[in-house]
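Peer 1: 3D, please:
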Amino acid sequence: MSYQEHHEKAFKEVRCAGMSVSDTATPETDSGGKIIQKCLQDASHSLLLYRIVKSVPMEIQRTLEEFAMYEKIQTVILTGGTGLSIRDVTFETIESLLEKRISGFGELFRHLSYQEIGPAAMMGRATAGIYQGKLIFSLPGSDSAIRLAMEKLILPELGHMVWDANR
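Peer 2: The predicted model follows:
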C-alpha cells in the first residue's frame, strides 16, 4: 500500500488526552496544556481529558493507566519532566511502560530542535510509543518545544499513526 493510500485511510478526528507533568503548574498557568488543546482543535482533533500531575512516577503511571481505560481515547500527549534534573522523571516512567517504541519521533524531534536551539537539543528526551493500544507522545515542557512537536511531527501524521497502530 502506498503512502497516499495510507493517508486516505487516516483518521480525520483523533480523540486525545493530555497530561502536564509539573510540580508548580495550575490550570491558569499551564501554557503547554493550552497549546496542545489549541493545536488539536485547530487540526479538528479533540482533547477529551486533561490533567496536571506532580513529577512523581506513580502519579504519572496512574494517570496514564486511567487514560488508557477510556476506549474513546486514541492518543495521550504528555508535556514536562523530560529534562536532566533529578525531578525530571517522565521519560523513565513512560519508557518503562511502552509496549512498542516509535524511535523516529525522538530522533526527528531532536533534529528539528537542533535547528532551532543548537546542541542543547541533545538534552531533550522526547519519546513516543504505544501503551495499551494508545499512541503516547512525551514532550518537553517548553512552549516552543510543544509547538515544534505538535506542528511539525504529531499533527501531520496523527490520524495516519492512529489508523496504523489499530489495524
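
Peer 1: Could you find the closest non-adjacent residue to Leu49?
Peer 2: Nearest residue to Leu49 in three dimensions, chain neighbours excluded: Ala17, at 4.2 Å (C-beta to C-beta, 6 or more residues apart in numbering). Every C-beta, even on glycine, is put in place using the N, C-alpha and C of the backbone.

Peer 1: That neighbour against Val53, yeah?
Peer 2: No - taking contacts as C-beta atoms under 8 Å, Ala17 lies outside contact range of Val53: 11.9 Å.

Peer 1: Which one's more surrounded, those two?
Peer 2: The neighbour comparison of Ala17 against Val53 (other C-beta atoms under 10 Å) goes to Ala17, with 25 against 22.

Peer 1: SS state for that one?
Peer 2: Following DSSP: H, G, I helix; E, B strand; the rest coil, we place Ala17 in the strand state.

Peer 1: Which parts of this structure are strands?
Peer 2: For the chain, the strands defined by DSSP state E occupy 15-21, 46-53, 75-79, 100-101, 127-131, 134-139.

Peer 1: between the last one and strand 75-79, how many degrees?
Peer 2: Okay, so that is strand 134-139. 20 degrees (axes from the mean of the first three to the mean of the last three C-alpha atoms, to 10 degrees).

Peer 1: Can I get strand 134-139 as PDB, trimmed to CA atoms?
Peer 2: Output of strand 134-139 as PDB, limited to C-alpha atoms (Å, rounded to 0.1, in the frame of the first residue of the first chain):
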ATOM      1  CA  LYS A 134      -2.900   4.100  22.600                       C
ATOM      2  CA  LEU A 135      -0.300   6.300  21.000                       C
ATOM      3  CA  ILE A 136       1.800   8.100  23.600                       C
ATOM      4  CA  PHE A 137       3.800  11.200  22.900                       C
ATOM      5  CA  SER A 138       6.000  12.700  25.700                       C
ATOM      6  CA  LEU A 139       7.300  16.200  25.000                       C
END
